[in-house]
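> Structure of the sequence below:
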Amino acid sequence: LGPMKLEPKPPKASVARKRRRSLKVEKVKPEELEDTVSKEKTETEKTIAKMFDVLKINKKVRLENLVLNRISFAQTVENLFALSFLVKDGRVVITVDDNGSHHVSPRNAPAASMITSRKVVYSHFIFRFDFNDWK
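Predicted coordinates for the structure are as follows:
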């Protein structure tokens, strides 16, 4: 192959070419679709609504009776996910009795003005639940 030359090479001069405009100019206007936004409820929203309906009827439900599906771990996790939305929105309250059982009760969500004025303060908790707990 031989020795390589390490001499710098001068840069190549670039030639700017003008783009030619096509003679046939078409304006593209896509057609508008009606109701592109879906108004159907998602599965999580349906689960949240069902869960709140159960709570409205029974007023006080044990947590495991509300969330636990003994056949499907995935459904149990989805139920727990839906319950987390109800708790976050202030629609339900979870209490612990003297025996250590968790009970879920419905309540009216606080008004937006109460939240902004800091008269209502949310408290959070962590709920640990895995496959071994489900078994």
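> what about the helices in the chain?
Residue ranges of the helices in the chain, as given by DSSP state H, are 43-58, 63-67, 73-88, 112-116, 131-134.
> Now the weakest link among the ones you listed, please, by mean pLDDT.
Within those, the least confident segment by mean pLDDT turns out to be helix 112-116, at a mean of 72.
> Alpha carbons of that one, as PDB, please.
Coordinates of the C-alpha atoms in helix 112-116 are reproduced here as PDB (Å, rounded to 0.1, in the frame of the first residue of the first chain):
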ATOM      1  CA  ALA A 112     -61.900  22.500  44.300                       C
ATOM      2  CA  SER A 113     -62.000  25.700  46.300                       C
ATOM      3  CA  MET A 114     -61.300  23.700  49.500                       C
ATOM      4  CA  ILE A 115     -58.300  22.100  47.900                       C
ATOM      5  CA  THR A 116     -56.900  25.400  46.600                       C
END
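> circling back: the helices of the chain into a markdown table, with extra columns for mean neighbour count?
Glycine gets a C-beta too; all of them are placed from N, C-alpha and C. As requested, those are exported to a markdown table (neighbours: other CB atoms under 10 Å):
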| stretch | mean neighbour count |
| --- | --- |
| helix 43-58 | 14 |
| helix 63-67 | 16 |
| helix 73-88 | 16 |
| helix 112-116 | 11 |
| helix 131-134 | 10 |
